[in-house]
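>>> need the 3D shape of this:
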Amino acid sequence: MARRGKLTTTEPLDSDAREPDDGDEPESGPLRRCAVTRERLPKEQMIRFVIGPDRKLVPDLAARLPGRGIWLSARGDVVETACTRGVFAKAARGPVSVPPDLRAGLQAALSRRFVDHLGLARRAGQAVAGFAKAREWLSSGRASLVVQAVDGSTEERQRFLGSWDGPVVAPLDGERLGAVFGRDRAVHVAVAAGGLAETLRHEAERLAGLAERTSGRPPVNGPTMAPDGARRRRTESPPGVAGRNGVQNAGG
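Numbers count the residues shown, from 1 in each chain. Modelled structure (predicted):
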C-alpha cells in the first residue's frame, strides 16, 4: 500500500487499494486530499462536492457551500471512478444520490463559469478581443493570459502569439468566445494581470482536466489546453508554419 500523501497520478485508480476515508480531515490550508487518489493538491486544481439535506450530491465549484466537503482532482478519470466505485457514499458515510452523467454536467458548469468570469473581465476593462487590440496588449506587456478559440485556424493562432511565452488557454469555440464581447465570433482575447486572469486560467485547467481521457493532469502554466483534453506544446511547429513555434489546432 502506498504511503499517505505519496500517491502519484500515474498509479492506477484502484479504490480497493486506498486507505480508509478520512473525511473528518479539516478543510484548512491551501491543499486538499482527493477522495479517490488520496493525494493532496492545491484546491484550485480540484472540485468540491457537498451532500444536500436530501442526500443529493451537489458540486460546489466555487468551494463556498456550507457543510463538509468531498474533494476530487479535476480529472475525468477521477470523477468517473468516484461515480462507479461508490466513493461519495463512503466519504459521506451514507447513501448519496449522484447526478447522472456527472462529468458532462461539471464540464458544462465550468464552461459557464469561464464565460461569466471572462464577462466580468471585459466589463472591468481587463480583457479585449480582436487580433489588433489583443496583440497590442501582448506587445505592451499588459496581457498575462491569452484565450483563443479552439476552432481557430492553427496558422492564425500562431501568427497572433508570435514570441509570446505566457499561458494560453482555449476552452471555448469562436462563437461562444465572441458572444462575451458582443461579436459574432472571436479568436483572440488578451486578459490583463490580476485575480480574474488567475481565475480564468484555473477554470480552463479544470475544464481541460475533466476532458482528459488519460490519467495525466494539465500542468500549471504549461501547454495550451482545450475542451477535448488535447495538449499542444508550443515547441512544435504546426502544419504550414515552417520554422515557427506554435500550437496544434485541436478544433479541426
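>>> how about the helices in the stretch 151-252 of the chain?
Taking DSSP state H, counting those that start in this stretch as the criterion, the stretch 151-252 of the chain contains helices spanning 154-161, 174-180, 195-211.
>>> so which of those helices is the most packed in?
Highest mean neighbour count among these (mean count of other C-beta atoms under 10 Å): helix 195-211, with a mean of 22. Glycine gets a C-beta too; all of them are placed from N, C-alpha and C.
>>> hang on, the earlier thing: to residue 72, which of the helices of the stretch 151-252 of the chain lies closest?
Residue 72 lies closest, by C-beta to C-beta, to one member of the helices of the stretch 151-252 of the chain: helix 195-211, at 10.1 Å.
>>> alpha carbons only: can I get the closest one in PDB?
This file holds the C-alpha atoms of helix 195-211, laid out as PDB (Å, rounded to 0.1, in the frame of the first residue of the first chain):
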ATOM      1  CA  GLY A 195      -7.300  37.900 -10.000                       C
ATOM      2  CA  LEU A 196      -9.700  37.400 -12.900                       C
ATOM      3  CA  ALA A 197      -6.800  36.200 -15.100                       C
ATOM      4  CA  GLU A 198      -5.800  33.700 -12.500                       C
ATOM      5  CA  THR A 199      -9.400  32.500 -12.000                       C
ATOM      6  CA  LEU A 200      -9.800  32.100 -15.800                       C
ATOM      7  CA  ARG A 201      -6.600  30.100 -16.000                       C
ATOM      8  CA  HIS A 202      -7.600  27.800 -13.200                       C
ATOM      9  CA  GLU A 203     -11.100  27.300 -14.600                       C
ATOM     10  CA  ALA A 204      -9.600  26.400 -18.000                       C
ATOM     11  CA  GLU A 205      -7.200  24.000 -16.400                       C
ATOM     12  CA  ARG A 206     -10.100  22.300 -14.600                       C
ATOM     13  CA  LEU A 207     -12.100  22.000 -17.800                       C
ATOM     14  CA  ALA A 208      -9.100  20.500 -19.600                       C
ATOM     15  CA  GLY A 209      -8.600  18.000 -16.800                       C
ATOM     16  CA  LEU A 210     -12.200  16.900 -16.900                       C
ATOM     17  CA  ALA A 211     -11.800  16.300 -20.700                       C
END
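>>> from the chain's centroid, how far away is it?
Centroid separation between helix 195-211 and its chain, computed with C-alpha atoms, centre = their mean, to the nearest Å, is 4 Å.
>>> redo the helices of the stretch 151-252 of the chain as TSV? Include distance to residue 79 and mean pLDDT.
Output for those, formatted as TSV (distance: least, C-beta to C-beta, whole Å; pLDDT from 0 to 100):
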stretch	distance to residue 79	mean pLDDT
helix 154-161	29	95
helix 174-180	23	97
helix 195-211	7	96
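>>> residue 168 is nearest to which of the ones you listed?
Across these, residue 168 has its closest neighbour in helix 154-161 (6.8 Å, C-beta to C-beta).
>>> other SSEs contacting that closest one?
Judged by 3 or more C-beta pairs under 8 Å, 6 or more residues apart in numbering; DSSP states H and E, helix 154-161 is in contact with helix 131-140, strand 143-148.
>>> same thing but 10 Å
Packed against helix 154-161 by the contact rule (3 or more C-beta pairs under 10 Å, 6 or more residues apart in numbering; DSSP states H and E) you find helix 131-140, strand 143-148, strand 168-169, strand 188-192.
>>> mean pLDDT for these - can I get that in a markdown table?
Conversion of the helices and strands packed on helix 154-161 to a markdown table gives the following (pLDDT from 0 to 100):
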| stretch | mean pLDDT |
| --- | --- |
| helix 131-140 | 96 |
| strand 143-148 | 98 |
| strand 168-169 | 97 |
| strand 188-192 | 98 |
